[in-house]
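>>> Give the three-dimensional model of this entry:
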Amino acid sequence: YQRDRTVREYIHELENLFLMVGILSEREKVDKLWTGLNTYIQKQLWRERLTPTMSSWQEVRAAAEIIEISEN
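Below you'll find the model as predicted:
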């Protein structure tokens, strides 16, 4: 989970974990990213009409970084 880390820090940690455990499916990666993000970011992603089942890793990542910047 993201907790007190920035989105970039959290994504970096996730990407390292994906390499270690061998998660290759983009859908799995998006799901792990989405569910681990802080709730306020998840809510804003929904408002932007992104979804964990249809949006790409790049879409979710970019939007989450922008949301975090705009909220801080």
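>>> which other helices and strands contact the helix or strand hosting Tyr40?
Element membership of Tyr40 [criterion: DSSP states H and E] is helix 39-47. Helices and strands touching helix 39-47, by 3 or more C-beta pairs under 8 Å, 6 or more residues apart in numbering; DSSP states H and E, are helix 26-36, helix 57-71. In short, each C-beta sits where N, CA and C put it, glycine included.
>>> Output the ones you listed as a markdown table; include the columns mean neighbour count and mean pLDDT.
Below are these laid out as a markdown table (neighbours: other C-beta atoms under 10 Å; pLDDT from 0 to 100):
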| stretch | mean neighbour count | mean pLDDT |
| --- | --- | --- |
| helix 26-36 | 16 | 96 |
| helix 57-71 | 16 | 97 |
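>>> Mind listing what's buried along stretch 34-46?
34, 36-38, 41-42, 44-45 (16 or more other C-beta atoms under 10 Å).
>>> thinking again about what came up before, possible to save the helices and strands packed on helix 39-47 as a markdown table with distance to Leu17?
Formatted as a markdown table, the helices and strands packed on helix 39-47 follow (distance: least, C-beta to C-beta, whole Å):
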| stretch | distance to Leu17 |
| --- | --- |
| helix 26-36 | 8 |
| helix 57-71 | 14 |
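>>> now what about the helix holding Tyr40, what contacts it?
2, 7, 34-35, 37, 55, 60, 63-64, 67-68, 71 (C-beta atoms under 8 Å, 6 or more residues apart in numbering).
>>> Swap in 6 Å and give it another go.
Identification of contacts with helix 39-47 by C-beta atoms under 6 Å, 6 or more residues apart in numbering yields 63-64, 67.
>>> Now do the residue most central in space within the chain against Glu68, distance only.
Centroid-nearest residue in the chain: Leu33, 3.5 Å away (criterion: C-alpha atoms, centre = their mean). Distance, Leu33 to Glu68, by C-beta to C-beta, to the nearest Å: 13 Å.
>>> returning to that earlier point: between the contacts of helix 39-47, which is nearest Leu24?
The closest of these to Leu24 turns out to be Ala64 (C-beta to C-beta; 21.2 Å).
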